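*Asks:* Return a 3D structure for these sequence lines:
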Amino acid sequence: MKKIRWGLAAAAVALLVIAQFVAAPSTVSAQKRITLKGGQIRGAYNRWTSAYAVYLTKELKGIEVSSESSTGSSENVRAVNSGSVELALTFSSDSFLGWRGQAHFKKKQKNLRTMTYLFGSVGHLLVPANSSVKSIEDLKGQTISMGGPGSGSAKNLTALVKHLGLWGKFKPVYLGRKSPEAMRNGKIAGYNWHPGLGNAMIRDTATMMKIRFINMDAPARKSGFYKKYPYFAPTVIPAGLYPNVKVDTPTFGTGSVMIANSKVSPDLIYTIMKTIYSEKGKKYIVSAAGKVAKELSIKNGLKLINAPLHPGAVRFWKEAGKKIPVDLMP
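*Replies:* Numbering: from 1, shown residues only. Purely as a prediction, here's the structure:
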């Protein structure tokens, strides 16, 4: 009888152990994975998303964040809207157009929600210092790299040149990060890029050859570009920021913002916002992305935000004392 009882007890223990093993998910399977979509490899967006993927995975228990490259801003809006990724970086221009289903977005991106302004994306139109191209009108008959294929950089310049009636009067190509080499070899007359100020690729170009920037603010102002496209604004590329460029160049730009799919948990978005805005988080992104990351601040947080905020972001901004415009409420 004792042997039977011991046998039953042993069997019960074995079954309990097996049940616990089967029922308890592994750490990996229990861990929530989210994807943060950036931009082209070695580009400004990828520097931010790669840094945040490492930082948030380290700081948020049970969350694994991965960074994913893309062709650029427009693709990121579509990816977030479809739910194929949870978070992404995009230009303020693309969040504006995507939410409203305008321009290159054929339908409203209804699942798009915004989180925060990150940094300014400034229009840089570079030509060799000895180029005959002195103004944007001089692009006629030239071959110009607009940026990467499908990129926000290309979309931004396209909006301006179409507004000015210059589209179709020069040859646009989309060489992305191959643009500096093509310009040095004389294959293109210049190239366009819309990163934060002090961009490494442009700085490298200016180190390898003498360059100039084209004033894009003057024609934008004169033509009413800013009234038609409220997500763009005047800005300046300061003298001395890039090697051998000794004059200020007025230009135009937009903002880079972080966006999320509407179905991502409000608690998770709130926690991510708290983490990136902590003193530790702000110091980390400056060390990873450079001085441009100093623009990340409570003061700038709603700058150039023009599509509804995510509920988790609303909670964060209210706690931070920000007054949220009615049109930004989810």
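*Asks:* How much space separates the nearest residue to residue 266 once chain neighbours are set aside from residue 98?
*Replies:* Closest residue to residue 266 apart from its sequence neighbours, by C-beta to C-beta, 6 or more residues apart in numbering: residue 312 at 3.8 Å. (C-beta placed from N, C-alpha, C; glycine too.) Taking C-beta to C-beta, to the nearest Å as the measure, residue 312 falls 20 Å from residue 98.
*Asks:* repeat for residue 246
*Replies:* Applying C-beta to C-beta to residue 246 and residue 98 gives a distance of 39 Å.
*Asks:* more crowded one of these two?
*Replies:* residue 98 (28 against 8; other C-beta atoms under 10 Å).
*Asks:* could you say which helix or strand contains the more buried one?
*Replies:* Per DSSP states H and E, residue 98 falls inside helix 92-100.
*Asks:* Where does the prediction get shaky in the stretch 1-150 of the chain?
*Replies:* Along the stretch 1-150 of the chain, segments meeting pLDDT under 70 span 1-31.
*Asks:* Now do the strands in it.
*Replies:* Assigned by DSSP state E, counting those that start in this stretch, the strands in the stretch 1-150 of the chain fall at 32-37, 63-68, 87-91, 112-122, 124-128, 143-145.
*Asks:* Dump those strands into CSV; add mean neighbour count and distance to residue 299 as well.
*Replies:* Compiled in CSV, the strands of the stretch 1-150 of the chain are given as follows (neighbours: other C-beta atoms under 10 Å; distance: least, C-beta to C-beta, whole Å):
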stretch, mean neighbour count, distance to residue 299
strand 32-37, 18, 24
strand 63-68, 18, 26
strand 87-91, 30, 20
strand 112-122, 25, 10
strand 124-128, 23, 25
strand 143-145, 22, 35
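*Asks:* of all the ones you listed, which lies closest to residue 200?
*Replies:* Ranking the strands of the stretch 1-150 of the chain by proximity to residue 200 (C-beta to C-beta) places strand 124-128 first, at 12.3 Å.
*Asks:* Does anything pack onto the closest one? Which helices or strands?
*Replies:* Contacting strand 124-128 under the criterion 3 or more C-beta pairs under 8 Å, 6 or more residues apart in numbering; DSSP states H and E are the following elements: helix 179-184, strand 190-193, helix 200-208, strand 211-213.
*Asks:* Adding distance to residue 298 and mean pLDDT, write those out as a markdown table.
*Replies:* Formatted as a markdown table, the helices and strands packed on strand 124-128 follow (distance: least, C-beta to C-beta, whole Å; pLDDT from 0 to 100):
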| stretch | distance to residue 298 | mean pLDDT |
| --- | --- | --- |
| helix 179-184 | 36 | 98 |
| strand 190-193 | 29 | 98 |
| helix 200-208 | 27 | 96 |
| strand 211-213 | 31 | 98 |
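*Asks:* among these, which is nearest residue 163?
*Replies:* Residue 163 sits nearest to strand 190-193 of all these, at 14.9 Å, using C-beta to C-beta.
*Asks:* in this structure, which residue is closest to the centre?
*Replies:* residue 89 (2.8 Å; C-alpha atoms, centre = their mean).
*Asks:* which ones are touching it?
*Replies:* 36-39, 45, 48-49, 73, 76, 118, 256-259 (C-beta atoms under 8 Å, 6 or more residues apart in numbering).
*Asks:* Apart from its neighbours in sequence, what residue is nearest it?
*Replies:* Residue 89 sits nearest to residue 45 (C-beta to C-beta, 6+ apart), 4.8 Å away.
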